[in-house]
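# output the structure for:
(one chain, ligands or ions: 1)
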Amino acid sequence: MARRPKRMRSYSPRTSGRRSMANHSGQTFSDALKQANAENWNAARQHRFVEEIFAGSVPADIMRRYLTQDYQFIDGFVALLGMAIATADRYESRIRFAQFAAMITSDENTYFQRGFDALGVAEAERRQPAIAAPTARFQALMREAAQTRDYACCLAVLTVAEWLYLDWADRPGAVLPTDFIHAEWITLHNNDGFRAFVIWLRGELDRAGADADETGRAAAASLFGRAVALERAFFDHIYL
Ligand SMILES: Cc1ncc(C[n+]2csc(CCO)c2C)c(N)n1
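Predicted structure coming up:
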């Protein structure tokens, strides 16, 4: 049987005819990217913020900083979703992203408003806080991903933002904290609909990675890695 040269790591369809998203070590593109960034990924997943939110003990001033900065992240995120809708290779994918965009611009938005109310965040601080460095870098990374006009590159950044959040929030059997500010930020990221979306998103990244050439995969991998590093830096900065 003809084999590919060993050093050529490929996520392309196998010769059997059935499309497989796995590479030769049995890993999908998204698995390989996560593994390549394990140190930053795990540091974010087990961050002090995550421990404290499950314990319901994030201090109010830390939560205030987190939510005001995170609110500044959403606009660029929705713009990146828009580019994913534009560059997706299938109508079905566009529909799925469009439905997700509609959902996050309604439900999640009320969480931020209620959270700001509960934490006494002034109007100016909601609309135009001083942008912290990791927030600015995240905004720039999302803009860079969108400007590639490449589906795999858009997916790389979107997948990190969603999957890493599912990964930290998904603690089966964990008791939810009583304060909605903590509890709802967890349940926004560990509910079944969100889980299904992340699984679908990873599948899209696997498929786009398999369809891309080495250069395209390298570009997506670079964006993925920088997004994971920024997720960690974003959690870190709210405690500084
Ligand atoms: C720094 C940062 N990274 C990722 C997320 C997670 N996230 C951002 S938009 C979105 C979709 C709807 O919830 C999700 C999951 C966040 N909030 N903040």
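
# which bits of this structure sit near the ligand?
If contact is defined as C-beta under 6 Å from any ligand atom, the residues of the chain in contact with the ligand are 70, 73, 77, 104, 108, 161-162, 165, 188-189, 231, 234. For every residue, glycine as well, the C-beta is placed using N, CA and C.

# filter these to the buried ones?
Applying 16 or more other C-beta atoms under 10 Å to the residues of the chain next to the ligand, the neighbour count classes 70, 73, 77, 104, 161-162, 165, 189, 231, 234 as buried.

# one step back: reformat the residues of the chain next to the ligand as TSV; add secondary structure and pLDDT.
Conversion of the residues of the chain next to the ligand to TSV gives the following (DSSP: H, G, I helix; E, B strand; the rest coil; pLDDT from 0 to 100):
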residue	secondary structure	pLDDT
Asp70	helix	97
Phe73	helix	92
Phe77	helix	97
Ile104	helix	85
Glu108	helix	61
Ala161	helix	98
Glu162	helix	98
Tyr165	helix	98
Leu188	helix	93
His189	helix	96
Glu231	helix	98
Phe234	helix	98
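
# isn't Ala22 up against Thr28?
Yes: under the criterion of C-beta atoms under 8 Å, Ala22 lies in contact with Thr28, with a separation of 5.7 Å.

# for these two, indicate the residue with more neighbours.
When Ala22 and Thr28 are compared for neighbours, Thr28 comes out ahead with 20 against 15, by other C-beta atoms under 10 Å.

# tell me who's in contact with that one.
With contacts defined as C-beta atoms under 8 Å, 6 or more residues apart in numbering, Thr28 is in contact with 11, 21-22, 202, 206.
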